[in-house]
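S.K.: With the input below, show me the fold.
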Amino acid sequence: MLDPRRALPVLVLLGAGLASCRKPAPLMQPMVVLLPSEATLSCGHGLRFVPQLSGGSAYPVTWRVVEAGGGAVAPDGTYTAPASPGLYSLQAWESGPRRAQGLARIRVVPRPDGTIRVPDYVRVGARGLRAEVPPQEGSTYRWSITGGTLSPPLDGPAVTFEAGLVPHVVLRCRVTNVAGDSVDSSMDIETSPEPQVKIRPERVVLSTGEGFKFGFELSGRLEAPLCWRVVGEGGGTIDQAGGYQAPGTPGTFHVETSVSPEKSGSQAEVRVVERPRGRIECPGDPVAGATGMKACVPGQADMSYRWKVTGGSILLGQGEPCLRFSVGPGPTLSLVCLVTNAAGASLELTRTLPVRLPDTGPVQAPTP
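M.R.: Numbers count the residues shown, from 1 in each chain. Predicted coordinates for the structure are as follows:
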C-alpha cells in the first residue's frame, strides 16, 4: 500500500505533465461583418450598411465600392446605387493595425416603369384592345380599369381590355420591381364615337354606260376602308374607291357605302337614262316656198329638243321631237336638232337638203 505522503508528488508531477501537453487555442481572424450582407436596390436608391467588428475594435471603418461605376458610398456607410443596373460589391475595413475587412454584395435593378401604352385610336365599345407597360424581369403587375372591362390574366406587363359605351376609359397599373419599389400609373383614354358616313351626292342622273365617282362625308375615324356596293342586281358596278359604272339599261338604282360590310350605310339614288340617238326624218325634196313641212327625230323620254332651221322658218314644235317649218327660196335647206337627255348628254343631228323650185306647169307649144 502506498504511503499517501509519498504518492502526492507523483500526482502533482503527472498533472503538470498533462498540462504541459495542451495545444494553445487558435487566434480568431479579425473580420468586419456588414449588415445586410446582400441587398437589392433600384437604380439611384440608397441604403445604409452597418459594420460589426470582431473583438470589439474601436477603430473607424473605411468604405469603398469595388467596381468602377458601381455607385457611391458615404463615410457613414450609406450606399447610393448607380444609374446602370448590375452586380456590385461594397467593401469595408477597419483602419487599425489588424486591417479587418468585410464585403457586401449588391444587386442594382431598374426602377419600376409604369408607362402605359395603348392604341392610338380607341372606339366606343371596341373589343380586343391591348395595353402594356415595359416588361421588367422579376417585377409584378396589378391592373385595374374604369369605364371598361379587363380580360384575365391581370398580373402581367400586358392586358386585354374592352372599352365601354362611355367617352373616357381610365387604365391603371401598379408595377413593383424585385427591390420592392412600386410605381402607380394611369392613362385617361378619350374614346371616339362610332364613325358615320354619308354618300355624296345623294342623287345623280347618268346616261347608260356612263362612269361616275361618288364621294362621302365622314365623322369619326375609320379603322378600315369604306365598303361600296350596288344594291340589287343589274344596277351597274362600283369599285372600292367609289367609282361607279352605269348599266346599259335605263332605270333607277341605288348605291351604298358603309363603314363595315356587316353594317348598313348611306345610299344614293342613281337614275340611268338613254343616250340621245337617231336622225332627222323629213321629205327629201323640199320645194321653195312650201309651208307646213314636217321634220322629226325619234321621241325619247326625258329629252329636250332645240331646233334650228337655215333656209326656212320654224312654224311650230320648237322643243318637241317633231317640227313644222316653211321652206325658203333655196338653194338649200338646213335642219339642226340638238337632243339632250336628263344627264346632260347631247347629240346634234343635222340634215341639209337641196331646195327645188316650184313647177310652173307644162310648157305650151306656140300657136301657129
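S.K.: Let me know the pLDDT of residue 57.
M.R.: Per-residue pLDDT puts residue 57 at 61.
S.K.: same question, residue 25
M.R.: For residue 25, the model assigns a pLDDT of 50.
S.K.: Equivalent analysis for residue 99, please.
M.R.: Value for residue 99, per-residue pLDDT: 79.
S.K.: okay, now it: neighbour count?
M.R.: Residues near residue 99, counting by other CB atoms under 10 Å, number 12. (Each C-beta comes from the backbone N, C-alpha and C, glycine too.)
S.K.: What separation do you get for it and residue 74?
M.R.: Residue 99 is 21 Å from residue 74, where distance means CB to CB, to the nearest Å.
S.K.: Next: residue 166.
M.R.: Distance of residue 166 to residue 74, computed by CB to CB: 52 Å.
S.K.: How about residue 175?
M.R.: In this structure, residue 175 and residue 74 are 29 Å apart, going by CB to CB.
S.K.: which one of the two has more residues nearby?
M.R.: Ranked by neighbour count (other CB under 10 Å), residue 175 and residue 74 place residue 175 first, with 24 against 11.
S.K.: who's the more buried one bridged to?
M.R.: Residue 175 has the following beta-bridge partners by DSSP bridges: residue 141, residue 183.
S.K.: That one contacts residue 183, doesn't it?
M.R.: Yes: assessed by CB atoms under 8 Å, residue 175 is found in contact with residue 183 at 5.4 Å.
S.K.: list residues touching both of those two?
M.R.: Shared contacts of residue 175 and residue 183, defined by CB atoms under 8 Å, 6 or more residues apart in numbering, are found at 112, 113, 114.
S.K.: out of those, which is most surrounded?
M.R.: residue 112 (24 neighbours).
S.K.: And the chain, what are its domain boundaries?
M.R.: Domain assignment for the chain by automatic domain parsing gives 32-109, 129-190, 196-273, 293-354.
S.K.: Pretty sure residue 42 sits against residue 108.
M.R.: Yes: taking CB under 8 Å as the definition, residue 42 is a contact partner of residue 108 at 7.5 Å.
S.K.: The protein: helices as residue ranges?
M.R.: Secondary structure of the chain (DSSP state H): helices at 4-20.
S.K.: worst-scoring helix or strand of it, pLDDT-wise?
M.R.: Every helix and strand in the chain was compared by mean pLDDT, DSSP states H and E; the lowest is helix 4-20, with a mean of 40.
S.K.: Tell me where the stretch 1-150 of the chain has strands.
M.R.: For the stretch 1-150 of the chain, strands defined by DSSP state E, counting those that start in this stretch occupy the ranges 32-35, 38-42, 46-48, 50-53, 61-65, 72-73, 78-80, 86-94, 101-109, 129-132, 140-146, 148-151.
S.K.: same deal with the stretch 251-368 of the chain?
M.R.: Ranges of strands in the stretch 251-368 of the chain, per DSSP E, counting those that start in this stretch, are 251-258, 266-273, 293-296, 303-310, 312-316, 322-327, 332-341, 346-354.
S.K.: Turn those strands into TSV, including distance to residue 203 and mean pLDDT.
M.R.: What follows is those, written out as TSV (distance: least, CB to CB, whole Å; pLDDT from 0 to 100):
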stretch	distance to residue 203	mean pLDDT
strand 251-258	10	96
strand 266-273	5	97
strand 293-296	32	96
strand 303-310	19	97
strand 312-316	35	96
strand 322-327	31	96
strand 332-341	16	97
strand 346-354	21	96
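S.K.: Would you convert those strands into a markdown table that also reports distance to residue 229 and mean neighbour count?
M.R.: Listed next are the strands of the stretch 251-368 of the chain as a markdown table, based on distance: least, CB to CB, whole Å; neighbours: other CB atoms under 10 Å:
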| stretch | distance to residue 229 | mean neighbour count |
| --- | --- | --- |
| strand 251-258 | 6 | 18 |
| strand 266-273 | 10 | 19 |
| strand 293-296 | 42 | 19 |
| strand 303-310 | 31 | 17 |
| strand 312-316 | 49 | 15 |
| strand 322-327 | 43 | 20 |
| strand 332-341 | 26 | 19 |
| strand 346-354 | 32 | 15 |
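S.K.: Pipe those into JSON lines and attach distance to residue 187 per row.
M.R.: As requested, the strands of the stretch 251-368 of the chain are exported to JSON lines (distance: least, CB to CB, whole Å):
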{"stretch": "strand 251-258", "distance to residue 187": "32"}
{"stretch": "strand 266-273", "distance to residue 187": "35"}
{"stretch": "strand 293-296", "distance to residue 187": "77"}
{"stretch": "strand 303-310", "distance to residue 187": "64"}
{"stretch": "strand 312-316", "distance to residue 187": "79"}
{"stretch": "strand 322-327", "distance to residue 187": "77"}
{"stretch": "strand 332-341", "distance to residue 187": "59"}
{"stretch": "strand 346-354", "distance to residue 187": "62"}
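S.K.: Of all these, which one comes closest to residue 120?
M.R.: Proximity of the strands of the stretch 251-368 of the chain to residue 120 was assessed by CB to CB; the nearest stretch is strand 251-258, lying at 23.1 Å.
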